[in-house]
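K.L.:
Pasted the sequence and its predicted model underneath.
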Amino acid sequence: NNAGDSDEFLLVYNVRIPENLPGGIYHTQITFSAEPATPEPGMSPSIVTLDVRVEIRPTFRIEVQSDKSSKALDLGRVSKDNAAATGTLNFKIESNIGTTYRVTQQMTSSFMSQEGEMLDEEVFQVVSAGGQHGSLPGSGSPVEVSQAPQTVYNSDPTGQSDTFQLQYIVKPGSTQKAGIYRTNLAFKVESLS
């Protein structure tokens with residue numbers, strides 16, 4: 001008021017965090033100064049500086065779903081009229097870890113039928129697509145799926161969220177014995193975080 005009486009009030013600060021901001025502890029300072037509206041001789045401003053800290057917790061979540069909305073990848077049937085079978089896995093990654101990560105895949109065992117027949121590795125391939133913020137090695141061209149770990153996705157340097165698809169193709173030779181063949185795919189996420 002005009003008399004300059006003592007008073008108290010409350011300030012509430014909100015922090016709006018962009019989606020792609022890396023997790024971590026952020027610091028800044030706010031300086032407040034109080035001085036008379038009309039300068040008076042012998043009165044100097046009162047200054048207070050506050051340290052401000054906010055912690056953004058890093059999050060990382062990966063969701064994998066087949067094109068048939070399940071966690072199993074069913075490639076369908078191969079027949080005389082349909083020489084190849086395909087299925088797609090959709091990857092959705094939520095991340096603000098602030099550093100690169102990569103996704104690798106590995107076939108944990110050979111394709112095998114209930115009768116013990118094996119399917120050659122070279123007939124099982126994958127084609128990758130998508131990835132707005134990272135890179136997909138071999139994007140757009142078929143690559144053999146192997147029992148050795150192979151990188152299917154590399155994030156950008158800040159490890160942003162992303163989505164991508166892996167389409168799997170099985171195209172056995174005409175001499176392959178009929179049967180239901182199964183294998184397991186293992187996916188691993190690696191990061192320095």
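P.N.:
Good, I have the coordinates.
K.L.:
As a check, name the ranges of all helices in the protein.
P.N.:
Secondary structure of the chain (DSSP state H): no helices located.
K.L.:
any idea how far Tyr168 is from the residue sitting nearest the centre point of it?
P.N.:
Closest residue to the average C-alpha location of the chain: Ile93 at 2.8 Å, with CA atoms, centre = their mean. Computed with CB to CB, to the nearest Å, the distance linking Ile93 and Tyr168 is 19 Å. Any C-beta I mention is one placed from the backbone N, CA and C, and that applies to glycine too.
K.L.:
which sections of the protein are below the confidence cut-off?
P.N.:
For the chain, the stretches with pLDDT under 70 are 20.
K.L.:
Strands of that one, start to end?
P.N.:
The residue ranges that make up the strands of the chain, judged by DSSP state E, are 24-34, 46-56, 60-66, 85-96, 101-107, 111-113, 118-119, 124-130, 143-144, 150-154, 160-170, 181-182, 185-191.
K.L.:
Out of those strands, which is closest to Leu75?
P.N.:
With CB to CB as the measure, strand 85-96 is the member of those nearest Leu75 (4.0 Å).
K.L.:
contacting residues around that closest one?
P.N.:
By CB atoms under 8 Å, 6 or more residues apart in numbering, the list of residues contacting strand 85-96 from outside reads 19-23, 56, 58-68, 73-78, 101, 103, 153, 155, 159-171.
K.L.:
swap in stretch 19-31?
P.N.:
Judged by CB under 8 Å, 6+ apart, the contacts made with stretch 19-31 from elsewhere in the structure are 47-59, 96-99, 158-161.
K.L.:
do the same with stretch 116-127
P.N.:
Under the contact criterion CB under 8 Å, 6+ apart, stretch 116-127 has outside partners 105, 107, 110-113, 138, 140-147, 152, 166-173, 176-177, 179, 181, 183.
K.L.:
What does the residue of the chain most remote from its centre show for phi and psi?
P.N.:
Note on the chain: the largest C-alpha distance from the chain mean falls to Pro41, namely 61.8 Å (CA atoms, centre = their mean). For Pro41, the backbone dihedrals (degrees, to the nearest 10) come out as phi -60, psi 140.
K.L.:
Distance of Thr158 relative to Gly131?
P.N.:
Relative to Gly131, and taking CB to CB, Thr158 is found at 14 Å.
K.L.:
In terms of neighbours, single out the busier of the two.
P.N.:
More crowded of Thr158 and Gly131, by other CB atoms under 10 Å: Gly131, with 20 against 15.
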